[in-house]
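Chemist: I'd like to go over a predicted model; first the sequence, then the structure.
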Amino acid sequence: MPLPRVRIDLERLKSLLEGVNRFGFAPRTGGYNRPGFSREDTDCRSWFAARMREEGLTVWTDGALNVFGRFGPEDGPCIMAGSHLDTVVNGGAYDGSLGACVALECVLAMKDAGIEPATAVEIAATSEEEGRFGGMLGSQAITGQVTREWIARAVDAEGNRLSEVLETHDLDAGTVLAAARRPGSIAAFLELHIEQGPILEQEQVPIGIADRVSGICYLELDFKGTANHSGTTPMNLRADAFAGLADVAHSIPHLIEAHGTDQSRITIGHVALTPNQPHTIPGRAVFSVIIRDTSEEVMRILCKNMTLNAEATAKKHKLELTATERSWISPALLDPHVADLLEVVAARHGLPARRMPSGAGHDAQTMQAFCPSGLIFVPSRGGISHAPEEHSNWQDIEKGANLMLQALIELCRAKPD
């Protein structure tokens with residue numbers, strides 16, 4: 001039986017994304033601020049849930065603030081599709097949100113065409129994917145990868161404790177753990193996302209099919225020195241925490257050259273200096289070091305050697321060092337059968353596509369530990385993401401969304417075991 005000639009409604013998809021992006025828009029910068037569990041984030045989730053209810057879906061929110069909409073049989077496993085709604089601070093309009101909206105649009109297109117799935121499709125708008133607290137809380141909760149111990153020690157860059165933030169939403173570690181799905185309840189997971197890199201645009205290929213996703217180590221380094229007068233303290237008698245930070249930053253290219261691969265990425269993204277005054281030597285520097293690679297072994301080596309470098313730097317600058325691993329998300333090989341299906345469906349519908357790794361972390365890599373997962377990329381203009389300039393062309397989005405639609409139709413036509 002051939003696949004139905006069904007297509008997404010691009011104007012409706014645009015409207016869905018515009019609806020999401022009414023929440024957290026920053027007119028001054030043109031960016032979006034919906035950090036996980038913020039008021040803007042939860043208001044957006046409520047709107048998205050209401051929109052799905054309007055379309056007659058069965059909608060609920062779990063104890064980790066993941067929002068779901070189910071289409072099809074009430075019982076049995078589902079094909080889950082979606083992405084996240086939260087953003088980084090001053091992020092872009094497409095990262096995550098596009099994937100959640102595409103999942104909803106695919107279901108609406110199926111409903112319009114009178115397609116009744118044998119296996120239910122569940123739309124998922126996952127929570128706290130951007131790592132405010134160091135992980136991918138929503139998808140980790142779904143897959144049972146969250147522990148009470150991690151929740152108890154998780155803090156964001158401003159020192160807010162996850163456990164206390166959960167309480168403000170009438171949630172706790174127990175509700176998060178209860179969000180774990182039963183084994184076998186999700187037959188497959190599909191996610192559409194912007195590439196967040198330059199490859200597809202440079203090669204003029206409209207579709208990327210990710211076959212592996214880099215892991216993420218969040219290492220926090222804390223240098224403690226001595227705050228002192230910048231004019232009266234000789235250079236050789238200083239314990240300058242910022243000088244230590246600068247040495248660590250300078251060591252990154254050498255570290256990757258010695259121990260990394262072409263998929264290695266090390267980034268210092270958040271820095272807190274104390275006392276952070278023009279005429280005072282910094283007495284303390286606390287900063288994040290994010291280490292990524294598609295090889296877990298390489299990540300471990302990079303993390304170990306980064307810590308050793310920091311220890312040597314602390315000794316050189318007469319500093320105390322505290323190194324804390326805030327979180328670890330392993331690299332993932334995505335399901336090859338799902339990738340093959342996406343490639344076959346793309347070819348069947350005349351959509352050029354290429355296999356590729358993902359340097360950015362995604363819910364799909366967390367879901368892969370629980371069920372076969374696939375990840376579709378659409379090009380990013382200039383490779384820019386996590387910034388107001390983030391943009392993807394709608395003609396590319398339409399192609400990716402139609403690939404997602406056809407893959408979902410094929411997956412949900414099979415009756416569950």
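Modeler: The structure has been received and is ready for your questions.
Chemist: measure the residue of the chain most remote from its centre to L273 for me?
Modeler: The outermost residue of the chain relative to its centre, with distances by CA atoms, centre = their mean, is T232 at 46.8 Å. Distance check for T232 against L273: by CB to CB, to the nearest Å, it reads 20 Å. (Glycine included, C-beta is placed from N, CA and C.)
Chemist: if we can go back for a sec, what's the helix or strand for the residue farthest from the centre of the chain?
Modeler: T232 belongs to no helix or strand when elements are defined using DSSP states H and E.
Chemist: got it, and T42?
Modeler: Assigned by DSSP H and E, T42 belongs to helix 39-54.
Chemist: Which elements pack onto the next helix or strand after that helix?
Modeler: Beyond helix 39-54 in the direction of the C-terminus, DSSP H and E gives the next helix or strand as strand 58-61. Applying 3 or more CB pairs under 8 Å, 6 or more residues apart in numbering; DSSP states H and E, one finds that strand 58-61 makes contact with helix 39-54, strand 67-71.
Chemist: distance between the shortest one and the chain's centre?
Modeler: Relative to the chain's own centre, strand 67-71 is displaced by 20 Å; criterion: CA atoms, centre = their mean, to the nearest Å.
Chemist: Please name the strands paired to that strand in the sheet, noting orientation.
Modeler: Under the criterion DSSP bridges, strand 67-71 sits next to strand 58-61 (antiparallel), strand 120-126 (antiparallel) in its sheet.
Chemist: now, of the ones you listed, which is deepest in the fold?
Modeler: strand 120-126 (a mean of 26; mean count of other CB atoms under 10 Å).
Chemist: Show residues contacting it.
Modeler: Residues from elsewhere that reach strand 120-126 (CB atoms under 8 Å, 6 or more residues apart in numbering): 45, 48, 52, 57, 66-74, 76-85, 100, 103-104, 106-107, 110, 136, 138-139, 142, 186, 189, 363, 408, 412.
Chemist: Please spell out the PyMOL selection for the buried subset of the residues you listed.
Modeler: In PyMOL, selecting the buried portion of the contacts of strand 120-126, with burial taken from 16 or more other CB atoms under 10 Å, looks like this:
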select buried, resi 45+48+52+57+66+67+68+69+70+71+72+73+77+78+79+80+81+82+83+84+85+100+103+104+106+107+110+136+138+139+142+186+189+363+408+412
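Chemist: Identify those among the contacts of strand 120-126 that sit within helices.
Modeler: Secondary structure defined by DSSP state H assigns 45, 48, 52, 100, 103-104, 106-107, 110, 138-139, 142, 363, 408, 412 of the contacts of strand 120-126 to helices.
Chemist: How is A312 assigned, secondary-structure-wise?
Modeler: In the three-state summary, A312 is assigned as helix, counting by DSSP: H, G, I helix; E, B strand; the rest coil.
Chemist: any idea how far it lies from L255?
Modeler: Using CB to CB, one gets 12 Å for the distance from A312 to L255.
Chemist: neighbour-wise, which of those two wins?
Modeler: Relative neighbour count places L255 above the other of A312 and L255, with 19 against 14, counting by other CB atoms under 10 Å.
Chemist: any idea which helix or strand carries the more buried one?
Modeler: Assignment of secondary structure by DSSP H and E places L255 within helix 241-259.
Chemist: what separates that helix from the chain centre, distance-wise?
Modeler: Between the centre of helix 241-259 and the centre of its host chain there is 26 Å, according to CA atoms, centre = their mean.
Chemist: what's the answer for stretch 249-260, then?
Modeler: Remark: stretch 249-260 is offset 25 Å from the chain centroid, using CA atoms, centre = their mean.
Chemist: What are the boundaries of the strands in the stretch 251-400 of the chain?
Modeler: When assigned using DSSP state E, counting those that start in this stretch, the strands of the stretch 251-400 of the chain occupy the ranges 265-267, 271-274, 280-281, 284-293, 320-329, 332-333, 353-358, 373-378.
Chemist: Give me whichever of the ones you listed is most buried.
Modeler: Per-residue neighbour counts averaged over each of these give the maximum for strand 373-378, namely a mean of 28 (mean count of other CB under 10 Å).
Chemist: how much space between the residue nearest to F37 when sequence neighbours are not counted and F48?
Modeler: Taking CB to CB, 6 or more residues apart in numbering as the measure, F37 lies nearest to V165, with 5.1 Å between them; neighbours along the chain are not counted. Counting by CB to CB, the gap between V165 and F48 amounts to 20 Å.
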